[in-house]
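Participant: A structural model of the following input is requested.
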Amino acid sequence: RKITVSGDGTWQKRGFSSLHGVVEVLSNGPTSKVIDLERLSKKCSICTGLLSIKYSDPKKYSEIKNKHQCE
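Facilitator: Model prediction:
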């Protein structure tokens, strides 16, 4: 089945300083529907959160950091 789609996206702030954004793909037709929505970030939330345990629990920090792959 063929459908026509359109997409749009935006960042939280103007310019190149924004860390977060969103993009969506919509179907075009009599009843438009959201097909996909993606949240974008320039920083990984897991890596950022890991910094809070880096010194309090170095063993757990290393374990998670070695297993984690940023998207």
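
Participant: how distant is the host helix or strand of Val25 from the center of its chain?
Facilitator: In the assignment (DSSP states H and E), Val25 maps to strand 20-28. In terms of Cα atoms, centre = their mean, to the nearest Å, the centre of strand 20-28 is found 12 Å from the chain centre.

Participant: And for stretch 9-27?
Facilitator: Relative to the centre of its chain, stretch 9-27 is centred 10 Å away, using Cα atoms, centre = their mean.

Participant: how about the CA coordinates for that stretch, as CSV?
Facilitator: Taking Å, rounded to 0.1, in the frame of the first residue of the first chain, the C-alpha atoms of stretch 9-27 are listed here in CSV:
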residue,chain,number,x,y,z
GLY,A,9,11.3,18.9,12.9
THR,A,10,12.4,21.5,15.3
TRP,A,11,15.0,22.2,18.0
GLN,A,12,14.3,23.6,21.4
LYS,A,13,16.2,26.8,20.7
ARG,A,14,17.2,28.7,17.6
GLY,A,15,20.8,28.5,16.4
PHE,A,16,23.2,25.8,17.1
SER,A,17,23.1,25.9,20.9
SER,A,18,20.0,23.7,21.4
LEU,A,19,20.5,20.2,23.0
HIS,A,20,17.0,18.8,22.3
GLY,A,21,14.7,18.5,19.3
VAL,A,22,11.9,16.5,17.9
VAL,A,23,11.0,15.3,14.4
GLU,A,24,7.7,13.7,13.1
VAL,A,25,6.4,12.0,10.0
LEU,A,26,2.7,12.4,9.1
SER,A,27,0.5,10.8,6.5
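
Participant: List the buried residues for it?
Facilitator: By 16 or more other Cβ atoms under 10 Å, the buried positions in stretch 9-27 come out as 11, 26. (C-beta placed from N, C-alpha, C; glycine too.)
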